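[1] Pasting the sequence and the predicted coordinates here, then a few questions.
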Amino acid sequence: MLREEQHHKLPLTYAVEQNLPESILQLLLAAGASVSKCESGSKNRYNALLQTCWTEEDGTWRLLLQHSRQQGQLLADLTVADPQGRTPLHVLASSTSHRAVEMLEQIGNAGEDTATDVWGALLSCQDKEGATPLHTALRQLAPAGDYLLDRLAEQPQEALVKVLTTQTSKSGETPLLYLFSSHVGGKEVEPKIRAVGQRLLSLHPPQATHLNKQNVSLLSLLTAQPHVFTTEEPYAQLLRHLWEHHKDEFDRLMGAKDTANGFSFIHHIILYKNTPAMKALVQFLADQNMDPTEKEWLTATAGENVSCTELAATRGDFPDTLLQLLLTAGIVKKEEYTEIHAQHEQLQQERQEEEEAEEDEETDEEEAVVYQPHYKEKKQGPNRAQQSRRVWRQKAARDLRAKRAEEEAEEENGEGRAIKDQPRTEKKAIEPRRTAENAPRGARQEVRHPAPHKAAHTASSSRWMRNFWSPRRSIF
C-alpha cells in the first residue's frame, strides 16, 4: 500500500508535478496508485489527472487517461473537481491546448453505448461559478469550443443540446451570453465571435430570448460592449433573428431594463455611444416600416426617470453621427437637448473651476510645508499651523532670554568672553565704540550697545543675532 508523504502529497501526484519519467509513473500505477485520488489535508486538493492538465507533458496526460479507461473509471476520474469546482475538462477547455478535443474524441471513439452519457455528464459539470466547460471554452475562444459546437450540431438528442445551450451560471448567463461577454474583441476576432454565435443560435434559437439575473438581454449585453462588434452587421443579424423567430416577445426583449440602473437596449446605445448598434436599429426600423415614436421601448425613461434626451445631453463628447441618428428617429428632442447640454456644460465648467481652486490651495499648502521644515506633517490645518508657529516663537524667545541672562551673569563676574581671553596688561586697550565715522565699510551703521566695555560682547551677540534671524533660517 502506498504511503502519503509528509506534506500530504500522493506519490503519483508528486511524480507528475516533478515531471518524472513515464517509467516511474507506470510503476506507481502498477502498484495501485489512483489517478483521481485527491491529496488529503491540502488546500489545493489536486489529483494526478488535474495536475497533469496544468503541465505541458502530453505523454503523461495520455498515460493517465488511458489508465482510467482500462480501469473503467473514466467518468469518475474526469468528474473529480478541485476546490474551485473545476474538472480536468474545465482546465483544458480554458487553454489553447487541443487536449480537451483529444479527450472528447477518445470518449466518442470508445465504442461504448454510454459514450454519449459520459460526454453529456462532462459538459454538464459546473464549477463554483456555475460555468460548464462549454461556458469556459466559448468565453476564451479556445479550440475546444469549435469542437464542442461541431459535436452539438451532430448530436441527435435535442434534449441534450437544449440543456447544454441553456444551462446557466450563477449569474444567470447561458453559454451564448458568456461568449458575447468575452473580454476579447475587435476587428481581428469579430468574425470568429460572429461565426460561433450564429452556430450557437442555430442549435437552439430560443436562447436569444434569455435574460440573466440582472434582467439583461443578449442584445443589451452586446450593445454595452462596443469593443466586441465594431460594425453594424452583427446587431442587424440579431435584430432580424429576434423579429423572425420571436416576434411576440420582441417588444418585451427590447424594453427589458436591467435591475441595476433601469437601462434598456436604447439606453445602452446612448450610454456606451454605440454608433454601429444605432445604425443597425435605424435600418431595421426602416425595413419593417416601424414608426419610432409609436414604440414605447424607444421613448421610455431610464433609471430615475431620465429621458433619452437628458441621457445623451449629459454624456459629454457625444458623437455627432450618433446624435443625428437619434434626432432623425425622434428619440432625442433637439430643443430640449440643446438646453440641457448647455446647462450641463456650464455645470461642468463650474466644477472644473472649483477643482482647480482646490488644487491651487493644496499646492500652496504643499509649498508651505517645503519652506517650513518644523512641520511634522505635510498637511496641517490653519489652527495647527498657527499653534505650531506660536510654540516655536515662544521657545525661541525663551532661548534668547536664557542666552542673555547667561551673558549678563558672566559680565557681572568680570569674565566676559572677549576680555577674559586678553592679557591683563591689554585689558585697557579695548576697541573704542564704533560710530558712523569709524565703522568699517559694509558694517552695520547702528550700534545698539553704547558702553565701550561691551564692544566684544556686542560683536559676538550681533553675529549670533544675524545668524539667527538670517533670511535663510527665517520661517516667518
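    On my side now, so go ahead.

[2] Would you confirm that Ala256 contacts Ser264?
    Yes: at 6.1 Å, Ala256 and Ser264 qualify as touching, with contact defined as Cβ atoms under 8 Å. From N, CA and C alone the C-beta is placed, and that goes for glycine too.

[3] Residues that sit against both of the two, list them.
    Contact criterion Cβ atoms under 8 Å, 6 or more residues apart in numbering; residues shared by Ala256 and Ser264: Ser220.

[4] out of those two, which sits in the busier spot?
    Taking other Cβ atoms under 10 Å, Ala256 and Ser264 do not tie; Ser264 has more neighbours (25 against 19).

[5] Next, find the distance separating the nearest residue to Gln51 once chain neighbours are set aside from Ala81.
    Closest residue in space to Gln51, ignoring its immediate chain neighbours: Val16 at 4.7 Å, by Cβ to Cβ, 6 or more residues apart in numbering. Val16 sits at a distance of 17 Å from Ala81 (criterion: Cβ to Cβ, to the nearest Å).

[6] Which one's more surrounded, these two?
    Using other Cβ under 10 Å, the more surrounded residue of Val16 and Ala81 is Val16, with 28 against 19.

[7] in the host helix or strand of the more buried one, what's buried?
    Assigned by DSSP states H and E, Val16 belongs to helix 11-17. Within helix 11-17, the residues scored as buried using 16 or more other Cβ atoms under 10 Å are Pro11, Leu12, Thr13, Tyr14, Ala15, Val16.

[8] likewise stretch 70-78?
    Buried residues in stretch 70-78 (16+ other Cβ under 10 Å): Leu74, Asp77, Leu78.

[9] Now do the helix holding Val16: which elements does it pack against?
    helix 22-30, helix 48-53 (3 or more Cβ pairs under 8 Å, 6 or more residues apart in numbering; DSSP states H and E).

[10] And the average pLDDT for the first one is what?
    Per-region confidence: helix 22-30 scores 82 on mean pLDDT.

[11] Give me the residues contacting it.
    With contact meaning Cβ under 8 Å, 6+ apart, helix 22-30 is reached by Leu2, Pro11, Leu12, Ala15, Val16, Val35, Gly59, Thr60, Leu63, Leu64, His67.

[12] Pull the residues that contact the helix or strand hosting Ala100.
    Element membership of Ala100, judged by DSSP H and E, is helix 99-108. Helix 99-108 is contacted by residues 53, 58, 61, 65, 69, 74, 78, 88-89, 92-93, 115, 118-119, 122, 133, 137, 142-144, 147-148, 151 when judged by Cβ under 8 Å, 6+ apart.

[13] Is it possible to mark the buried ones in those residues?
    So, by 16+ other Cβ under 10 Å, the buried ones in the contacts of helix 99-108 are 53, 61, 65, 74, 78, 88-89, 92-93, 115, 118-119, 122, 133, 137, 142-144, 147-148, 151.

[14] Sort out for me which of these are in helices.
    Cross-referencing the buried ones among the contacts of helix 99-108 against helices under DSSP state H gives 53, 61, 65, 74, 78, 88-89, 92-93, 115, 118-119, 122, 133, 137, 143-144, 147-148, 151.

[15] Show me where the stretch 251-400 of the chain dips below the pLDDT cut-off.
    By pLDDT under 70, the low-scoring segments of the stretch 251-400 of the chain are 361-390, 392.

[16] Helices of that one, start to end?
    265-271, 275-287, 296-299, 308-313, 320-328, 334-371, 382-412 (DSSP state H, counting those that start in this stretch).

[17] most packed of the ones you listed?
    The highest average neighbour count among the helices of the stretch 251-400 of the chain, using mean count of other Cβ atoms under 10 Å, belongs to helix 265-271 at a mean of 25.

[18] Packing partners of that helix?
    Going by 3+ Cβ pairs under 8 Å, 6+ apart, helix 265-271 lies up against helix 218-223, helix 250-254, helix 275-287, helix 296-299, helix 308-313, helix 320-328.

[19] and of those helices, who's closest to Ala402?
    Evaluated with Cβ to Cβ, those place helix 308-313 nearest to Ala402, the distance being 70.8 Å.

[20] Please state the offset of that closest one from the chain centre?
    Relative to its parent chain, helix 308-313 has a centroid offset of 28 Å by Cα atoms, centre = their mean, to the nearest Å.

[21] Show residues contacting it.
    Outside helix 308-313, the residues that reach it (Cβ under 8 Å, 6+ apart) are 266-267, 270-271, 298-299, 301-302, 318, 323, 326, 331-333, 336-337, 340-341, 344.

[22] Alpha carbons only: can I get that helix in CSV?
    What follows is helix 308-313, C-alpha atoms only, in CSV (Å, rounded to 0.1, in the frame of the first residue of the first chain):
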residue,chain,number,x,y,z
CYS,A,308,-33.1,59.6,-23.6
THR,A,309,-32.6,63.3,-24.4
GLU,A,310,-31.2,64.0,-21.0
LEU,A,311,-29.0,60.9,-21.1
ALA,A,312,-27.5,62.0,-24.4
ALA,A,313,-27.1,65.6,-23.4
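
[23] Show me how the record splits the chain into domains.
    Domain assignment for the chain by the TED database gives 7-80, 84-108+115-172+189-203, 214-359.

[24] and those as CSV, adding distance to Asp399?
    Shown next, in CSV, are those (distance: least, Cβ to Cβ, whole Å):
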stretch, distance to Asp399
domain 7-80, 63
domain 84-108+115-172+189-203, 68
domain 214-359, 39
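
[25] sorry, back to before: so for Arg194, which of the helices of the stretch 251-400 of the chain sits nearest?
    Comparing the helices of the stretch 251-400 of the chain by Cβ to Cβ, helix 275-287 comes nearest, at 12.8 Å.

[26] just the CA coordinates of that closest one, formatted as PDB?
    C-alpha atoms of helix 275-287 as PDB (Å, rounded to 0.1, in the frame of the first residue of the first chain):
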ATOM      1  CA  THR A 275     -23.000  54.100 -33.200                       C
ATOM      2  CA  PRO A 276     -23.000  50.800 -35.100                       C
ATOM      3  CA  ALA A 277     -25.800  49.400 -33.000                       C
ATOM      4  CA  MET A 278     -27.800  52.600 -33.600                       C
ATOM      5  CA  LYS A 279     -27.200  52.400 -37.400                       C
ATOM      6  CA  ALA A 280     -28.500  48.800 -37.400                       C
ATOM      7  CA  LEU A 281     -31.600  49.800 -35.400                       C
ATOM      8  CA  VAL A 282     -32.500  52.700 -37.700                       C
ATOM      9  CA  GLN A 283     -32.100  50.500 -40.700                       C
ATOM     10  CA  PHE A 284     -34.200  47.700 -39.100                       C
ATOM     11  CA  LEU A 285     -37.000  50.200 -38.300                       C
ATOM     12  CA  ALA A 286     -37.000  51.400 -41.900                       C
ATOM     13  CA  ASP A 287     -37.100  47.900 -43.300                       C
END
